[in-house]
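Colleague: pasting the sequence and the predicted coordinates here, then a few questions.
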Amino acid sequence: MIDELKALDGFRDDVRSWCEQHVPPGWREAQAGADHRQFAEFHRWWGAELRDGGYFAPHWPTELGGGGFDLLQQVILFEELARADAPRNSLYQVALYNAGPTIIHAGTDEQKAKFLPDIVQGAVWCQGFSEPNAGSDLASIETRAVRDGDEYVVTGQKVWTSMALEADWCILLVRTDPTAPKRKGITYLVMDMRSQGIEIRPIKQSNGQSEFCETFLDEVRVPVAYRLGAENDGWGVTNSTLASERGVVIVELAERLRRNGLGAFIDAVRTWTDEAGRPMSSDAGVRDLVARRHAETAVLRQLLLTMVTNIVRRGGVGNEASIVKLVYSELLQGLMNDATSLQGLSGQIERPPVMSAGWETGDWMYDYLNSFAWTIGGGTSEIMRNIIGERALGLPREPGVA
Amino acid sequence: MPALSDAERDEFRDSARRLLADRSASGQVRALLDDETGFDRSLWSSMAELGWFAIHIGESHGGMGASYGDLAVILHELGRQVTPAPVLGSVLVGAEALIRSSNEGLAAELLPGVASGEIVLAAALAGESGSHAPDRLTVSCTTAGPTVLDGVARFVLDAHVADHLVIAAANGEGGVTLAVVDRSAPGVTVEVEPSFDRTRRLARVTLDQVAVDDARLLGRPGADRALFERLVAVGAIGAVCDAVGAAERVLEIANTYAKERFQFERPIGSFQAVKHHLANMLVDVESSRAAATIAIDALDGGDDPRSAAAIATSFAGPACTRVAHTAVQVFGGIGFTWEHDAHLFLKRVRLDEALFGTPAWHRQHLAAELLDGEPSV
Ligand SMILES: Cc1cc2nc3c(=O)[nH]c(=O)nc-3n(C[C@H](O)[C@H](O)[C@H](O)COP(=O)(O)OP(=O)(O)OC[C@H]3O[C@@H](n4cnc5c(N)ncnc54)[C@H](O)[C@@H]3O)c2cc1C
C-alpha cells in the first residue's frame, strides 16, 4: 500500500503545489463568526476554485465532469488538502457523496444527464430522510406521497435536514404504500427545493449554529420522472446511499483529525500549564493521554489504508466502513473531550466559531459539542454496533426490529 | 528482502493454519500445560521442515530472505492456536540479535541453526523487576580484563528449552552489552518460574561470574544500547502479532457461542448487550490488526521500529486483552472454568501485553517524542 502510494508521488506534488497557490492564507480568521450567507458565499467560491483545479468531484469519472481519480489518488488528494489546511468542501457533501453516487447507481440515463452535470457545477443538495418519529428506525418514515398522474403529491415533515436553507435539491424518502410492511412501501424521490409547499425552519443547534432544519412539506408536487429506482423500492436505494456516505469520506476526515485535531492538541499541551502553573507536558497522566490518542490516530489511519487497499484489490466497500465510522466518531469525540477537560476554565469562554473548518475549528469545547454530530448523525454509534454485530459477525437480529 | 506475494502469503497462512489445527488443537495444547518443558519437539520439527523459522533470515545464513511480514503470519497463527513453541524468543528476537549484530562470525555460526530449528535461542532483556529500561537491567558486565557477566535476568521467554541465551547486561552509564551465552555453560542457571500463561514459560536466568569470549559478543561492550532497544521493540511487535491472532480466534469462538447459546428462548447474541460486546471485540481486533501492520511495515520498510512498536503495543496490548476479557464475560459460567479454553486465550494475551514493556511504558516513549523534542509542526 505504502509502495502504491509512493508510486503516486508526482500526483502528490501536483496537488501540493496547487494547494500552495490556492488555499487562501488566513481563511480561518476570515471565517470566524461567518453567518449563513457568508458561509455559503465562501463555499461557492471555494467550490469553484476546486472545480477549476479538477478537485471538486475527484471520485467521479471525467466524462461526468469528475476528476477521474482512483482511490489512491483520492487518498493523496485528501491528505494534501488536510496538510494544507484547506477549507472543508462541506456545503456539497450530500451532493457529491450521497445524492450523486445514488443517481449514478440507481438513476436512469435521463436522470443522470439531468442531475449530475448540475452537481459538478455546484448545485447544493440536502437529505430529507429523518423525521420526528423516524431516526434510527428510518424505515418508519410517515411522509406520504400520493400519485397524481405524472406527479407525486408529498405531504409530511422532515427533520435535521442539514443545509436545507442553501439547498437546490433534496433526496427525499416518502411512503407510497402505507399498507405494506414498513420497508416495502418507501419510495426515493428527488425534490426541487424551490417547489411550492416547502417551508423550512432552521433549528438552533447546541453549538449555536443552525445548519439543520425542520422541513415541512405541504402537497409538494414532484415529477414521477424524478423517482430513483422503482416505486416502493426506496429502501434498497437508500442503503446504497448510506454505504457511500460511510466510505471514502472518512479518509479526508481522518486525515484532518490527525493533523488539525491531534496535531493541534499536542501543540496545545506543549503550551498549557496546570492549575499549579506547571507545564502540562510534564504531567504523567497527560503524557499518557497524548500517547494514547496518538496511537489511536495512527491505528485509524492504518484501518483506512487497509480498507482502501481492500476496496482496490477486492472491489467494493465491506463491513469495514461501519467499523471505521465508529472508530472515527469515538476518537474524534474522545480527543475533543480530553482537550476540553484539560483546558479547564479558559476553554469555557465562547469565541466566534471558525466556519468551514470541519470538525477541528481549534476551539475544543465547540468541537466537542460538534462531535456528537458523528456519534449521532449518519447512524448512531449504538446502531453502528448493531450493524457490525449483525452484518460483520452474523449475529441474529433483535426480535421486533425487522 | 523479497517478500512473499499476496497469494504465496495466503497459501502459507492456510498451510500453517492446517498444521496447527491438526497438531496444536486444544487437547494437545492442554497436554503440554502440565508437561515439565511444555515443548513439543516433534511439532517443532514439522514447523522447521515447512520452513517457518527460515522465513526472514537471509539466504546467506540458510534462510529464505523473505520479510518480517511473512514471519508475522506465523506468529499470528501461533497466537490463534495458543501454541506452545519458542518461535517468538528464538526466531524473532533471538535471530534479530544476530541479524543486526556486527559479529558476522557469530551470525554465520548460529543463524543457519536457528533457521533450521536445530538451534533454539532465548533473549534475556529484562531485569529482576521486569523492566526493559537499560539502567534497570540486573545483569552487569565488567570489562576490566575479560568480559564477565554477573547477576540475574528474569522473565526470559522459554529459556529452559534454549541452547543459547542472548544476554543484555548493564554496562556503565546507560550502556548495554549484548552477549551470547550457552545455557549449559558453567555459572549459568535457568529456573522456570510459575506463570499464569502455561503455553509459554518464563525463566529466571542467573549468571555467576560468567566469562564471555570476545567472539560471543554481539557488538562492543557497553555500546549495544541501540541494538538492545531494537530487540525490545521487535519483541514487542512479535507479541502484538501473537496477541492479535489469539484475540481474533477467541472472538470467533465467542461469536459462535453467542449464536448457539439460548436463554429466554433466544440466542444470547440477539441481546444487544451481548451483540455490542462482540461488535466492540471486532473493532478491537481489526484495530489491533492495523496496529500490528503499522509496526510490521516499519520493520520491513527499514525504519527504526521503536515508535511503531510503541504505537502497536500501547494500542493493541490493552485492546487484545479487552477482547479476551470480554469473551470470558460472553461465555458466562463456562468461561470461568479451567475446562473451557477462554482462560488460555486470556492468559496468553495478558502475557503478550506485558512481555516487552507495558503499554504505559511504551506510551512514555511516545509522549517523550511528541512533547519533549522540537515541535513537529
Ligand atoms: C448534526 C446532524 C446532522 C444531521 N443531518 C441529517 C440530514 O441532513 N438529513 C437527515 O435525514 N438526517 C440528518 N440527521 C439525523 C440523523 O440521521 C439522526 O439523528 C439519527 O439517525 C438518529 O436518530 P434520532 O435522532 O431520531 O435518534 P433516536 O433514533 O431516537 O435515538 C435515540 C437514542 O436511542 C438509541 N437507539 C435507537 N434505536 C436503537 C437500537 N435499535 N439499538 C440501540 N440503541 C438505539 C440511539 O443510539 C440513541 O442513543 C442529522 C443528525 C445530526 C446530529
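Modeller: Yep, it's here. Numbering: from 1, shown residues only, chains lettered A, B, ... in the order given.

Colleague: gap between the nearest residue to B:Thr293 once chain neighbours are set aside and A:Ala295?
Modeller: Nearest in space to B:Thr293, with sequence neighbours left out and distances taken as C-beta to C-beta, 6 or more residues apart in numbering or on different chains, is A:Gln302 at 5.5 Å. Any C-beta I mention is one placed from the backbone N, CA and C, and that applies to glycine too. For A:Gln302, the distance to A:Ala295 equals 11 Å [C-beta to C-beta, to the nearest Å].

Colleague: excluding sequence neighbours, find me the nearest residue to the residue in the stretch 1-150 of chain B that chain A sits nearest to.
Modeller: Per C-beta to the nearest C-beta, B:Asp6 is where the stretch 1-150 of chain B lies closest to chain A, at 7.9 Å. Nearest residue to B:Asp6, sequence neighbours excluded (C-beta to C-beta, 6+ apart): A:Arg313, at 7.9 Å.

Colleague: for the host helix or strand of that neighbour, name the packing helices and strands.
Modeller: Using DSSP states H and E, A:Arg313 falls within helix A:284-314. In terms of contacts (3 or more C-beta pairs under 8 Å, 6 or more residues apart in numbering or on different chains; DSSP states H and E), helix A:284-314 is packed against helix A:71-83, helix A:249-256, helix A:263-271, helix A:320-343, helix B:272-300, helix B:306-331, helix B:359-367.

Colleague: which residues touch stretch A:125-132?
Modeller: By C-beta atoms under 8 Å, 6 or more residues apart in numbering or on different chains, the surrounding residues in contact with stretch A:125-132 are A:92, A:94-95, A:98-99, A:119, A:138, A:141-143, A:156-164, A:166-173, A:191, A:193, A:215, A:238, A:241.

Colleague: the residue nearest to B:Thr293 reaches B:Ala291, doesn't it?
Modeller: Yes: A:Gln302 is within contact range of B:Ala291, at 7.0 Å (criterion: C-beta atoms under 8 Å).

Colleague: quick one, what contacts whichever residue of the stretch 251-377 of chain B sits closest to the ligand?
Modeller: Per C-beta to the nearest ligand atom, B:Gln272 is where the stretch 251-377 of chain B lies closest to the ligand, at 5.7 Å. By C-beta under 8 Å, 6+ apart, the contact set of B:Gln272 is A:382, A:386, A:398.

Colleague: show the pLDDT at A:Leu304.
Modeller: You'll see A:Leu304 listed with a pLDDT of 93.

Colleague: pull up the overlap in contacts between A:Gln302 and A:Ala295.
Modeller: Joint contacts of A:Gln302 and A:Ala295 (C-beta under 8 Å, 6+ apart) are B:Ala291.

Colleague: give me the neighbour count for residue 60.
Modeller: Unless you meant another one, I'm taking chain A. Number of residues near A:Trp60 (other C-beta atoms under 10 Å in any protein chain shown) recorded here: 20.

Colleague: that answer is for a different chain, and I need it for chain B
Modeller: Using other C-beta under 10 Å, B:Ser60 has 11 neighbouring residues.

Colleague: helix, strand, or coil at it?
Modeller: Of the three states, B:Ser60 takes helix under DSSP: H, G, I helix; E, B strand; the rest coil.

Colleague: that one and B:Gly302: what is the separation?
Modeller: Applying C-beta to C-beta, the value for B:Ser60 to B:Gly302 is 18 Å.

Colleague: ditto for B:Gly335
Modeller: 43 Å.

Colleague: more neighbours: which of the two?
Modeller: For B:Gly335 versus B:Gly302, the count of surrounding residues by other C-beta under 10 Å is larger for B:Gly335: 17 against 8.

Colleague: hang on, that one packs against B:Ala342?
Modeller: Yes: counting by C-beta under 8 Å, B:Ala342 is a contact partner of B:Gly335 at 4.4 Å.

Colleague: what do the two both touch?
Modeller: Residues within reach of B:Gly335 and of B:Ala342 at once, by C-beta under 8 Å, 6+ apart, are B:327-328.

Colleague: mind listing the helices in the stretch 101-250 of chain B by residue range?
Modeller: B:104-116, B:225-260 (DSSP state H, counting those that start in this stretch).

Colleague: so which bits of the first one are buried?
Modeller: Put plainly, it is helix B:104-116. Neighbour counts over helix B:104-116 (16 or more other C-beta atoms under 10 Å in any protein chain shown) mark B:106-107, B:109-116 as buried.
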